[in-house]
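J.: A structural model of the following input is requested.
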Amino acid sequence: MILLDTHTLLWMFDDVEQLSEQAVKALKKEKLCVSIASFWEMAIKASLPLEKRRLNLKVSLVSLADLCRKNQIDILALTPNDCERLMSLPHIHDDPFDRIIIAQAMERGLPLVTRDQKIWQYAAVEKIW
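T.: The predicted model follows:
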């Protein structure tokens with residue numbers, strides 16, 4: 001099983017050309033999951049005032065979750081163990097959503113499909129891109 005970063009999930013459904021060849025291969029052959037933190041991140045970034053908005057969603061989050069289920073992409077809940085792991089992370093990445101996703105990947109031993117260069121600085125996380 002592999003964990004998708006938020007941008008990977010969005011690009012997988014709407015802009016596959018943004019994904020690397022290695023990422024596309026992994027998405028086709030592995031069981032996929034995404035963090036509930038990705039949905040939280042999208043909700044916050046899409047609900048900002050227009051001048052600060054960092055994300056424009058083409059579908060509702062409920063529709064995106066349905067699309068995940070239809071494509072057998074598990075949505076990972078956040079657990080106390082994930083939070084405990086989060087507390088031990090070095091402060092390389094300041095984005096709280098990415099830190100949660102990193103902690104979940106580490107806690108579950110999952111490779112993470114991401115282009116985010118800050119995440120690549122976490123040696124304990126196996127990255128795919």
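
J.: What residues of the helix or strand that contains Arg99 count as buried?
T.: Using DSSP states H and E, Arg99 maps to helix 96-108. For helix 96-108, the neighbour count (16 or more other CB atoms under 10 Å) marks Phe97, Asp98, Arg99, Ile100, Ile101, Ile102, Ala103, Gln104, Ala105, Met106, Glu107 as buried. In short, each C-beta sits where N, CA and C put it, glycine included.

J.: Please apply the same query to stretch 47-59.
T.: Of the residues in stretch 47-59, none is buried (16+ other CB under 10 Å).

J.: Likewise for stretch 4-24?
T.: Buried, per 16+ other CB under 10 Å, within stretch 4-24: Leu4, Asp5, Thr6, His7, Thr8, Leu9, Leu10, Trp11, Met12, Leu19, Ala23.

J.: Among those, which one sits closest to Asp74?
T.: Leu4 (10.2 Å; CB to CB).

J.: wouldn't the closest one be in contact with Ala37 here?
T.: No. Assessed by CB atoms under 8 Å, Leu4 is found out of contact with Ala37, at 11.4 Å.
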